[in-house]
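Trainee: Everything below, folded, please.
(chains A and B)
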Amino acid sequence: MSSGSSFSPPRGMRDFYPEEMAAQNVILRTWRSVSESFGFEEYDACIVENLDLLKRKSGEDIVKQIYAFEDKSGRELALRPEMTPTLARMIAARQGALAMPLKWYTIAQCFRYERMTRGRRREHYQWNMDIVGEPSVSAEAEVITAVCAALSRLGLSPTDFVVRINDRALVAAVLASLGVDAAYHATMFLVLDKRDKTDDLAALLDNANLPPDAVQAVDQLAALRSLDDVARLIGEDAAPIQSLRELIKLLELSGLTKSVAFDMSVVRGLDYYTGIVFEGNDAKADMRAIFGGGRYDNLLKAVGGKPASGVGLGFGDVVIHDLLADKNLLPGAAPVLDVAIGYMGIEQRSIATGIASTMRAAGSSVDLGLHPEKAKQFFSRVGNGRARQAIFLGPDDLAAGEYRIKNLEDRTEKVVPFSALSPSD
RNA sequence: GCGGGCGUAGCUCAGUUGGUUAGAGCGCCAGGUUGUGAUCCUGGAAGUCGCGGGUUCGAUUCCCGUCGCUCGCCCCA
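Mentor: As a prediction, this is how the structure comes out:
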């Protein structure tokens, strides 16, 4: 490590060595296969985005949180911090031509310039699923069902995680019924989001600068633990109550009862969410959210398109990686080869190459030795879980017209004549 | 932006109350009659003790700075 610092990637950026790639691919492949099996279409976009688009969605302050720069012509650009503005732009550009509702997904590398903590780097891959143009809660149900399927395929059981669901419209209705002025609703969302994460609630309320009745409302809100509690306050007929009940019913039909819960403290930080919001967490460990999402009604309009309602989900690779690693659910090494082939002298290289070629054509993964080596070296190189079977060729094999293929797990050998090979077809 | 912890071999870490050539385990390389993985035996390579400055006869050790890593806070995905 003498001069090792210059070999490190830039702060917060990540390298993936082959043995880490195996674990990374488990996550990315699961995202992809779940998306496909739920009928989402894949899209992709440029990593560099117009800074203006990001500002339009999130305001000027966002600039200090992202990797922003000028190109050589003075264009203001940025490495995308998230995918949603880009998605909105792409949809707005073809809004007339696209058949709604659409279901799109992507796995996007995103960048954010900020301080790092556990579960957060300056660069990550984020799985996005969006359903745009569908106003009913079927959209929320579909996205949440899909994300639960992904967690399940990654090896988590239904009680390992919890999806907490809320509706911003519901919170707004409750606040209104408690007499909190609409002007303070946004601040109240923030306070709600924080109240379980801080140990100094008093200071938080102080800083929030809320009127006394709003401060009182925070406690009253905390007392509302179930949807029934809320329904008693604002009435069973209230639209947010109805839609949340319907969503929960749909999720129950998909067998997700154990993983889903109403929780009024979930509001999500992003201000473009307007309706139902949800967040997935590990059921035990105190980690940051595994994923989050919700309904946005104004996003398309905000980037200059026609209004359309959408539901989106963002799911980063870092937290889930740490979580799965803690539970020993990720592979620690590169994938295992079907066959490794080695040879003692350069004279055996041709036949070794022929065997490799035939086996590869038949669909096996084969590692062919790049140079002659000693038997001991060969077997210790490939025998440590790197390959399932091994073929080692020496002069005797050539003379006998056969080779031995060895099962590296039980150490048994099988003799195969060269004539069994048919390299030409 | 604020605060805590840590930088010694490829990895995990000892250690030096400041004193000759800096240690272990694991890993790696070579050998143990030129055709077989584990174990075993023998040997070996490998460190400007993160970097720079200060104090000192002498610094890896003490002090200051700096860079890097890490964990929180702020904020957020």
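Trainee: alpha carbons only for contacts and neighbour counts from here, please
Mentor: Will do.
Trainee: which non-adjacent residue is nearest A:Glu76?
Mentor: A:Glu70 (4.7 Å; CA to CA, 6 or more residues apart in numbering).
Trainee: per-residue pLDDT, that neighbour?
Mentor: Listed pLDDT for A:Glu70 reads 89.
Trainee: give me the number of residues near it?
Mentor: 11 (other CA atoms under 10 Å).
Trainee: how near is it to A:Glu82?
Mentor: A:Glu70 is 19 Å from A:Glu82, where distance means CA to CA, to the nearest Å.
Trainee: again, but for A:Tyr403
Mentor: Taking CA to CA as the criterion, A:Tyr403 is separated from A:Glu82 by 55 Å.
Trainee: For A:Ala172, give me phi and psi.
Mentor: Here is the backbone geometry of A:Ala172 (degrees, to the nearest 10): phi -60, psi -40.
Trainee: Touching, A:Thr86 and A:Ile47? I think so.
Mentor: No: between A:Thr86 and A:Ile47 there is no contact under CA atoms under 8 Å: 9.5 Å.
Trainee: Compare neighbour counts for the two and give me the winner.
Mentor: Remark: of A:Thr86 and A:Ile47, A:Thr86 carries more neighbours, 20 against 16, as counted by other CA under 10 Å.
Trainee: what does the average pLDDT come to for whichever strand or helix holds that one?
Mentor: In this structure, A:Thr86 sits in helix A:84-93 according to DSSP states H and E. In this model, helix A:84-93 has a mean pLDDT of 93.
Trainee: how far is it from where the chain is centred?
Mentor: With CA atoms, centre = their mean, to the nearest Å as the basis, helix A:84-93 stands 20 Å off its chain's centre.
Trainee: Using the three-state scheme, assign A:Leu224.
Mentor: For A:Leu224, the assignment made with DSSP: H, G, I helix; E, B strand; the rest coil gives coil.
Trainee: tally of neighbours for it?
Mentor: For A:Leu224, the neighbour count with other CA under 10 Å is 18.
Trainee: Please list the residues of the stretch 101-250 of chain A that sit near RNA strand B.
Mentor: A:110-124, A:126, A:197-198 (CA under 7 Å from any atom of the strand).
Trainee: filter these to the buried ones?
Mentor: In these, burial by neighbour count holds for A:Cys110, A:Phe111, A:Arg112, A:Tyr113, A:Gly119, A:Arg120, A:Arg121, A:Arg122, A:Glu123, A:His124, A:Gln126, counting by 16 or more other CA atoms under 10 Å.
Trainee: export the residues you listed to a markdown table and tack on secondary structure and distance to A:Ser309?
Mentor: Converted to a markdown table, these look like this (DSSP: H, G, I helix; E, B strand; the rest coil; distance: CA to CA, whole Å):
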| residue | secondary structure | distance to A:Ser309 |
| --- | --- | --- |
| A:Cys110 | strand | 24 |
| A:Phe111 | strand | 26 |
| A:Arg112 | coil | 27 |
| A:Tyr113 | coil | 30 |
| A:Gly119 | coil | 31 |
| A:Arg120 | strand | 30 |
| A:Arg121 | coil | 31 |
| A:Arg122 | coil | 30 |
| A:Glu123 | strand | 29 |
| A:His124 | strand | 27 |
| A:Gln126 | strand | 22 |
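Trainee: how is chain A carved up into domains?
Mentor: Split into domains by automatic domain parsing, chain A comes to A:8-326, A:337-420.
Trainee: ok, of those domains, where does mean pLDDT dip lowest?
Mentor: For those, mean pLDDT drops lowest on domain A:8-326, to a mean of 88.
Trainee: what's A:Met13 in contact with, if anything?
Mentor: A:Arg121, A:Arg122, A:Glu123 (CA atoms under 8 Å, 6 or more residues apart in numbering).
Trainee: cool, A:Phe189 as well?
Mentor: Going by CA under 8 Å, 6+ apart, A:Phe189 touches A:Val267.
Trainee: Can you classify it by secondary structure?
Mentor: helix.
Trainee: Secondary structure class of A:Pro81, three-state.
Mentor: Using three-state DSSP, the structure places A:Pro81 in coil.
Trainee: Isn't it up against A:Ile66?
Mentor: Yes: counting by CA under 8 Å, A:Pro81 touches A:Ile66, with 6.3 Å between them.
Trainee: which neighbours do those two share?
Mentor: A:Phe111, A:Arg112.
Trainee: So which of those two has more stuff around it?
Mentor: For A:Pro81 versus A:Ile66, neighbours defined as other CA under 10 Å are more numerous around A:Pro81 (25 against 21).
Trainee: So what does that one look like in phi/psi?
Mentor: Main-chain dihedrals, A:Pro81, degrees, to the nearest 10: phi -90, psi -20.
Trainee: need the helices for the stretch 101-250 of chain A, in chain order.
Mentor: Secondary structure of the stretch 101-250 of chain A (DSSP state H, counting those that start in this stretch): helices at A:138-153, A:168-177, A:185-195, A:201-208, A:212-222, A:227-234, A:239-253.
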